[in-house]
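**Q** only geometry, no sequence info:
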């Protein structure tokens, strides 16, 4: 039986990030911007659509998505785009009041909408045969993404106990010049809520994604759409094991549970291969070894894999490869990078190859490595450092 996933897009960053994610998997599943199917799928090439979409009575597919933003300006862009009919209008919640980029304002304004949030979640869950997990896109810096996102975590944990909560948390310009003065305050409170209520968190730093884009084409003027596209590609590859029938994984929990030895160690970052993005020069397909090497170099946070120890890892790609061959090359590159492992528990290294490449080679080879590594502590240390600096100013 299909185990459905409900997606929440919170705040401007979360909505734009999630929108690129929906565009990506709509393309992979053969769904047009208006929700119709491009063509029939006799060979199951387009995968299991029911996990992230539900089919309406007029044979259109609608994302199992809920969009929250306390500043409604962003929604007008969607209503005037090609994806106007993709989202369900009743699942879009907005307000005329802003949050002033403040966690406290976002959290307390969300309390006023708690009944509406619970009703939308309840109605959306009733459309599922077997709801398994929640997928949340948000930023830890803005007022809505941090404050509203924190309350959303509480509501889901209270109303849907036992359901797996996966968060994709974006850190935009965390430690550079920013127009959000209380950025460290928002970040440290959101991280606290993520540690208490989420089951799995994947961090994305805009600065790290920008470096990846710049390394591929230095002449390209980096835009938010390019950053969101790369982050969406990471999530689309990580969801391949549950979206295609040639894999044993059926939900997020079956993917991430082996990677989390204790509940507190649920903070991840990803390594990504040589992706295509708007403005990037076309290149030839890389070898398997080169793709793995790229995932070690192109990380979604500023971290050093040689500092700290590896807890677990997941390698996922959209091309066929023999597991023995892939694991041997992975081990070789693993030794090249001098990565150490924890000694108090077995290190889980998982491989998943849900093939998406046919003879016509329609989709480019893509690979992602998800790391549960103790070097993520540098992110928390920097956040705490900037919070203490802000506190001293007051």
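**A** Looks like it arrived, so ask away. The shown structure was predicted, so the numbers you read here are calculated from the model rather than taken from an experiment.

**Q** What's the separation between the residue nearest the centre of the chain and residue 7?
**A** Most central in the chain under CA atoms, centre = their mean is residue 168, positioned 3.9 Å from the mean C-alpha point. Remark: distance between residue 168 and residue 7 (CB to CB, to the nearest Å) = 10 Å. For every residue, glycine as well, the C-beta is placed using N, CA and C.

**Q** got any residues that touch both of the two?
**A** Each of 135-137 lies in contact with both residue 168 and residue 7 under the rule CB atoms under 8 Å, 6 or more residues apart in numbering.

**Q** Among those residues, which lie within strands?
**A** If you go by DSSP state E, the shared contacts of residue 168 and residue 7 have 135-137 in strands.

**Q** Identify the residues contacting stretch 89-96?
**A** 65-72, 75, 109, 113, 116-117, 120, 123-124.

**Q** Now the two most distant members of the residues you listed.
**A** Distance extremes for those: the farthest pair is 71 and 123 at 24.1 Å, using CB to CB.

**Q** Neighbour count: these two, which is higher?
**A** residue 71 (17 against 13; other CB atoms under 10 Å).

**Q** Would you agree that one is in contact with residue 100?
**A** No. Between residue 71 and residue 100 there is no contact under CB atoms under 8 Å: 10.0 Å.

**Q** For the stretch 1-150 of the chain, which segments count as helices?
**A** Ranges of helices in the stretch 1-150 of the chain, per DSSP state H, counting those that start in this stretch, are 11-28, 73-79, 103-112, 114-126, 143, 149-159.

**Q** Among these, which comes closest to residue 335?
**A** Shortest distance between residue 335 and the helices of the stretch 1-150 of the chain, using CB to CB, is found for helix 11-28: 33.4 Å.

**Q** other SSEs contacting that closest one?
**A** strand 4-10, strand 65-69, helix 73-79, strand 131-139, strand 164-171, helix 224-238 (3 or more CB pairs under 8 Å, 6 or more residues apart in numbering; DSSP states H and E).

**Q** Quickly note the distance from residue 210 to residue 203.
**A** Distance of residue 210 to residue 203, given as CB to CB: 15 Å.

**Q** out of the two, which sits in the busier spot?
**A** The residue with more neighbours, out of residue 210 and residue 203, is residue 203; 24 against 15, by other CB under 10 Å.

**Q** and the residue nearest to residue 107 when sequence neighbours are not counted, what does it touch?
**A** Nearest non-adjacent residue to residue 107, counting by CB to CB, 6 or more residues apart in numbering: residue 147, 3.7 Å away. Shown in contact with residue 147 (CB under 8 Å, 6+ apart): 99, 102-110, 186.

**Q** Which of these are buried? Put it as a ChimeraX command.
**A** Selection of buried members from the contacts of residue 147 for ChimeraX, criterion 16 or more other CB atoms under 10 Å:
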select :99,102,103,104,105,106,107,109,110,186
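
**Q** Show me which of the contacts of residue 147 is closest to residue 386.
**A** Compare each of the contacts of residue 147 with residue 386 using CB to CB and the shortest gap goes to residue 186, at 11.0 Å.

**Q** Can you list the buried residues in the strand or helix carrying that closest one?
**A** If you go by DSSP states H and E, residue 186 is part of helix 183-197. Buried residues in helix 183-197, counted by 16+ other CB under 10 Å: 183-191, 193-194, 197.

**Q** Contacts made by that helix with the rest, please.
**A** Outside of helix 183-197, the residues within contact range by CB under 8 Å, 6+ apart are 101-103, 140-143, 145-147, 149-150, 153-154, 156-157, 165, 167, 169, 171, 174, 180, 201, 264, 267, 380, 383-384, 386-387, 389-390.

**Q** and these, which are buried?
**A** The neighbour count (16+ other CB under 10 Å) marks 101-103, 140-143, 145-147, 149-150, 153-154, 156-157, 165, 167, 169, 171, 174, 180, 201, 267, 383, 386-387 as buried among the contacts of helix 183-197.

**Q** looking at the chain, which helix or strand is least sure?
**A** Scoring the helices and strands of the chain by mean pLDDT, DSSP states H and E places helix 73-79 at the bottom, with a mean of 70.

**Q** how long is stretch 189-209 end to end?
**A** Terminal residues of stretch 189-209 are spaced 24 Å apart (CA to CA, to the nearest Å).

**Q** What segments of the stretch 251-394 of the chain are strands?
**A** Ranges of strands in the stretch 251-394 of the chain, per DSSP state E, counting those that start in this stretch, are 267-272, 310-317, 348-352, 367-373.
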